[in-house]
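> The following comprises the amino acid sequence and a computationally predicted model.
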Amino acid sequence: MKLTIIGTGYVGLVTGTCFAEVGHQVICVDRDEDKIKLLNSGGMPIYEPGLEELVKKNVDAGRLSFSTCTKEGVEKSDVIFIAVPTPPMPDGSVDLSFIESVAREIAGAMTSYKIIVDKSTVPVKTGDKVSETIKRYCKAKVEFDVASNPEFLREGFAVDDLMHPDRVVIGVKTQRPVQALKEIYAPFEAPIIVTDINSAELIKHAANSFLALKISYINAVSVICEATGANVQEVANGMGMDGRIGRRFLDASLGFGGSCFPKDLSAFIKISEQLGYDFALLKEVQRINHDQMNRFVKKILDTLWVLKDKKIGVLGLAFKQNTDDIRMSPAIDLCLHLQKEGAKLRVHDPKAMEKAKAVLHNVTYVDDMDEVAEGCDALVIATEWPEFKKLDLERVRKSLTHPILFDGRNLFDAKEMESLGFIYKSIGRP
Ligand SMILES: NC(=O)c1ccc[n+]([C@@H]2O[C@H](COP(=O)([O-])OP(=O)(O)OC[C@H]3O[C@@H](n4cnc5c(N)ncnc54)[C@H](O)[C@@H]3O)[C@@H](O)[C@H]2O)c1
Ligand SMILES: O=c1ccn([C@@H]2O[C@H](COP(=O)(O)OP(=O)(O)O[C@H]3O[C@H](CO)[C@@H](O)[C@H](O)[C@H]3O)[C@@H](O)[C@H]2O)c(=O)[nH]1
């Protein structure tokens, strides 16, 4: 089918590429001219494993192209996906101005029947607003359908998640667009559930909030583990073997971050409030997450006492493994806390250093992870990059002025670290 994606970011670019990979004809539109120029010249605006090869393959095959022109995208395709940002406002509600302006642009360009599909994460009832907007601004008065198709990809695993989704959710008002949407997704061989639009929009916020809740739950359990000498990983393993609970998203950490969980939690709390429900459970999820970071900083302060003029090495700047994304990164947040206490930082991330340079100043960026600890009073692990497990620990211990390692991601085995001569402090483990 002929498909257009408006918004060529993490979601739009990966979705468009995977649609092309299964045989659809795809145009990815973005208003950022530099981004489209870069993509048209074979460059990559983001790091996502496997994406670069897939983009090249589909561009070469003539199935994937890039444009800055929404009108062209609307004219040439039957189905238009919206994948623009839905950032948080200062009060936690969602800024829907990007969605509204794309809806107007689409309406202005429509001359025949189109299906407009919202893939951005939006508050419940946004589909109704998109419909009203298109109706109001469409001069040609052609027929159209609006659908909701939330995206569940994880950054760092986006290609794999898109090619092999757990489920595809399609929210519709009438049956008319269902066949076409099912056809688009048929090659992915995933279960498809068709709901009304409000339910589809709610599935996304409810799912993300539940995953964040799972992390805050295990982080709260980690506090009890620390108070009793129990091991949070063993507790998570024992809990996770119950099929009703599951082991995933039970890794205690210095807290969750990223461009989705924090904003989607705030949005869901805000929408609930507007609908007359105080979602206190989710407020607690936020509070636990905030406290988890403070507790980790306190752990560092309790050990090193005064941080002023102390040198600390930090491994990891991205908000999680396998990505260069630093939006709402707990690792960056940690660095800012440590800087505020007067620490001098040496930092490294396998992919996120370029993006970090825009927000994290007065630190030494180190290219080799094994050199970060050089002359430092302590080393901190802030992101769960698997490569950090391959650190040259002997060299790290010798290059630290004191062999202290704070592991905010429980990457190492405590007993092993102690036998290697480290003073090792992690999350929720003796
Ligand atoms: N990043 C994720 O892992 C993820 C996963 C699932 C859902 N989502 C949701 O998907 C949406 C997009 O997120 P993202 O991370 O891809 O954002 P992003 O910032 O990476 O990309 C959005 C793109 O939209 C472009 N854009 C904005 N207004 C435009 C317009 N009027 N016309 C054309 N292009 C326009 C921007 O230039 C940008 O390139 C958000 O609602 C987000 O919550 C994100
Ligand atoms: O057990 C865990 C799992 C994750 N995290 C942290 O939680 C955050 C989010 O991780 P993850 O969910 O893997 O990354 P995202 O790419 O933000 O993906 C989430 O947000 C997307 C945007 O809505 C959704 O599409 C995905 O389904 C949802 O997992 C990161 O800081 C992780 O380090 C933990 O601390 N412990």
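Cool, the structure landed. On a predicted model such as this, the values are computed, not experimentally measured, just so you know. Residues are numbered from 1 along each chain as shown. Ligands and ions are numbered 1, 2, ... in the order given.
> Which positions within stretch 349-359 qualify as buried?
The neighbour-count check on stretch 349-359 (16 or more other C-beta atoms under 10 Å) flags D349, P350, K351, A352, M353, K355, A356 as buried. No exception for glycine: its C-beta is placed from N, CA and C like everyone else's.
> Please compute how far it lies from its chain's middle.
16 Å (C-alpha atoms, centre = their mean, to the nearest Å).
> Spell out which parts of the stretch 1-150 of the chain neighbour ligand 2.
With C-beta under 6 Å from any ligand atom as the criterion, the stretch 1-150 of the chain meets ligand 2 at residues T121.
> tell me the contacts of the residue nearest to I184 when sequence neighbours are not counted?
In space, and not counting its chain neighbours, I184 is closest to M1: 5.8 Å by C-beta to C-beta, 6 or more residues apart in numbering. Taking C-beta atoms under 8 Å, 6 or more residues apart in numbering, we find M1 in contact with H24, Q25, D78, V79, A180, E183, I184.
> With respect to pLDDT, which of those residues ranks lowest?
Comparing pLDDT over these, the lowest score belongs to D78 (95).
> How about it, nearest residue that isn't a chain neighbour?
D78 sits nearest to K2 (C-beta to C-beta, 6+ apart), 5.3 Å away.
> so the one you found touches K76, yeah?
Yes. Using C-beta atoms under 8 Å, K2 and K76 qualify as a contacting pair, with a distance of 6.2 Å.
> give me phi/psi at K139?
phi -70, psi -30 (degrees, to the nearest 10).
> which ones are touching it?
If you count contacts by C-beta under 8 Å, 6+ apart, then K139 has A107, G108 around it.
> R247 too?
A236, N237, M239, G240, M241.
> Recalculate using a threshold of 10 Å.
Neighbour list for R247: A236, N237, G238, M239, G240, M241 [criterion: C-beta atoms under 10 Å, 6 or more residues apart in numbering].
> Please produce a ChimeraX select command covering the buried subset of the residues you listed.
Selecting only the buried entries of the contacts of R247 in ChimeraX, with 16+ other C-beta under 10 Å as the criterion:
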select :236,239
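> In helices, which of the contacts of R247 appear?
When those are checked against helices (DSSP state H), the matches are A236, N237, G238, M239, G240.
> Leaving out sequence neighbours, find the closest residue to the second one.
Across the structure, with C-beta to C-beta, 6+ apart as the measure, the residue nearest N237 apart from its sequence neighbours is R247 (6.7 Å).
> Tell me which helix or strand the one you found sits in.
Taking DSSP states H and E as the definition, one finds R247 inside no helix or strand.
> got it, and A200?
Judged by DSSP H and E, A200 forms part of helix 197-228.
> How is the chain divided into domains?
2-190, 210-425 (automatic domain parsing).
> just the buried residues of stretch 349-359 now: which is nearest ligand 1?
K355 (11.8 Å; C-beta to the nearest ligand atom).
> picking that back up, spit out the residues that contact K2 and K76 alike.
Joint contacts of K2 and K76 (C-beta under 10 Å, 6+ apart) are Q25, I27.
> neighbour-wise, which of these two wins?
In this view K2 and K76 are compared by other C-beta atoms under 10 Å, and K76 has more residues nearby, 15 against 12.
> quick one: that one and S67 touch, right?
Yes. With contact defined as C-beta atoms under 10 Å, K76 and S67 form a contacting pair (9.1 Å).
> okay, and the common contacts of those two?
T4, I27.
> Tell me how many other residues surround the residue lying closest to S199 once chain neighbours are set aside.
Using C-beta to C-beta, 6+ apart and skipping the chain neighbours, the partner closest in space to S199 is G171 (6.2 Å). G171: 25 surrounding residues under other C-beta under 10 Å.
> just to revisit the earlier point, give me the subset of the buried residues of stretch 349-359 that lies in helices.
Using DSSP H, these in helices are M353, K355, A356.
> in the protein, what spans have low per-residue confidence?
Residue ranges of the chain with pLDDT under 70: none are present.
> just to revisit the earlier point, enumerate every residue touching the residue nearest to D78.
H24, Q25, V26, I27, G73, K76, S77, D78, V79.
> Let's see that with 7 Å instead.
Q25, K76, S77, D78 (C-beta atoms under 7 Å, 6 or more residues apart in numbering).
> Relative to ligand 2, how far out is the last one?
In this structure, D78 and ligand 2 are 26 Å apart, going by C-beta to the nearest ligand atom, to the nearest Å.
> check contacts around that residue.
The neighbourhood of D78, defined by C-beta under 7 Å, 6+ apart, consists of M1, K2, K114, I115, A180.
> can you list those residues in TSV and add distance to V124 and secondary structure?
Converted to TSV, the contacts of D78 look like this (distance: C-beta to C-beta, whole Å; DSSP: H, G, I helix; E, B strand; the rest coil):
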residue	distance to V124	secondary structure
M1	28	coil
K2	30	strand
K114	23	strand
I115	20	strand
A180	24	helix
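> What is the burial count for the closest residue to P191 other than its chain neighbours?
The shortest distance from P191 to any non-neighbouring residue, by C-beta to C-beta, 6+ apart, is to R167 (4.9 Å). Applying other C-beta under 10 Å, we find 11 residues neighbouring R167.
> quick one, what contacts R167?
Here R167 is in contact with A190, P191, I193 (criterion: C-beta under 7 Å, 6+ apart).
> cutoff 8 Å now
F152, A190, P191, I192, I193.
> nearest to ligand 2, of these?
F152 (4.3 Å).
> That closest one against H164, yeah?
No. If you go by C-beta under 8 Å, F152 and H164 don't touch, sitting 11.4 Å apart.
> quick one: which of those two has more around it?
F152 (17 against 11).
> quick one, phi/psi of the more buried one?
Per degrees, to the nearest 10, the backbone of F152 is at phi -120, psi 10.
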